[in-house]
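Undergrad: Sequence and predicted structure, then a few things I'm wondering about:
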Amino acid sequence: EDIRAAVGVTKGRQSLFESTGGSHGAWLIDEQQQVLASFEDIGRHNCLDKLLGYLWMNPNLKDGVPEATLIVSSRLSYELVHKAAMMGVSVLCSIGAPSSLAVELSKSLGMTSLGFLKKEEFNIYTNPNLYFQF
């Protein structure tokens, strides 16, 4: 339910994509399903870099956000997992597929990673017990 709710709060927060069809989004969502920050850019790395910069510039978020969920609108690459780890998040979700290196890194970091994120379904690739109760 938490993931479904998180996907729901991203809707309507990608105005650049809605007008051009050619941008990526990144959303940082807290455990109460509130958006802490969201950014868009034509490049998926730039989008996440904007989010990192925002965290760095906000002292209350600067030490990391372990209870937050990061959602990216792109595929999940090794570099995006690395940047998510720098943010201190424990759950990373992507709209697209993860690379095998992204899954390996996520697993080694103890991060929960999800891919092919949709409103009603998703794939869990690593560490499901960190986030989900079975």
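TA: Everything's here; your move.

Undergrad: helices or strands next to the helix or strand that contains residue 37 in the packing?
TA: Remark: residue 37 resides in strand 35-41, with elements defined by DSSP states H and E. Packed against strand 35-41, as judged by 3 or more Cβ pairs under 8 Å, 6 or more residues apart in numbering; DSSP states H and E, are the following elements: helix 2-10, helix 15-20, strand 24-29, helix 44-57. The way it works is simple: take the backbone N, C-alpha and C, and place the C-beta from them, glycine included.

Undergrad: again, only using 10 Å
TA: On a contact count with 3 or more Cβ pairs under 10 Å, 6 or more residues apart in numbering; DSSP states H and E, strand 35-41 meets helix 2-10, helix 15-20, strand 24-29, helix 44-57, strand 69-72.

Undergrad: what's the least confident stretch among the ones you listed?
TA: Of all the helices and strands packed on strand 35-41, mean pLDDT reaches its minimum on helix 15-20 (a mean of 60).

Undergrad: Where does pLDDT dip in this structure?
TA: Across the chain, the stretches falling below the confidence threshold (pLDDT under 70) are 1-22, 62, 129-134.

Undergrad: Kindly recompute the last result at 80.
TA: Counting by pLDDT under 80, the chain contains low-confidence ranges at 1-23, 59, 61-67, 119-120, 128-134.

Undergrad: Can you show me the CA trace of stretch 50-69 as CSV?
TA: C-alpha atoms of stretch 50-69 as CSV (Å, rounded to 0.1, in the frame of the first residue of the first chain):
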residue,chain,number,x,y,z
LYS,A,50,19.2,18.4,-8.6
LEU,A,51,17.7,16.4,-5.8
LEU,A,52,21.1,15.8,-4.3
GLY,A,53,21.8,19.5,-4.4
TYR,A,54,18.5,20.3,-2.8
LEU,A,55,19.3,17.9,0.1
TRP,A,56,22.7,19.4,0.5
MET,A,57,21.3,22.9,0.7
ASN,A,58,18.7,22.0,3.3
PRO,A,59,20.3,21.4,6.7
ASN,A,60,17.4,19.3,8.1
LEU,A,61,17.8,16.8,5.2
LYS,A,62,21.6,17.0,4.8
ASP,A,63,22.4,14.0,6.9
GLY,A,64,20.3,11.6,4.8
VAL,A,65,16.8,10.5,4.6
PRO,A,66,16.8,6.7,5.5
GLU,A,67,13.0,6.5,6.0
ALA,A,68,12.3,8.1,2.6
THR,A,69,11.5,6.4,-0.7
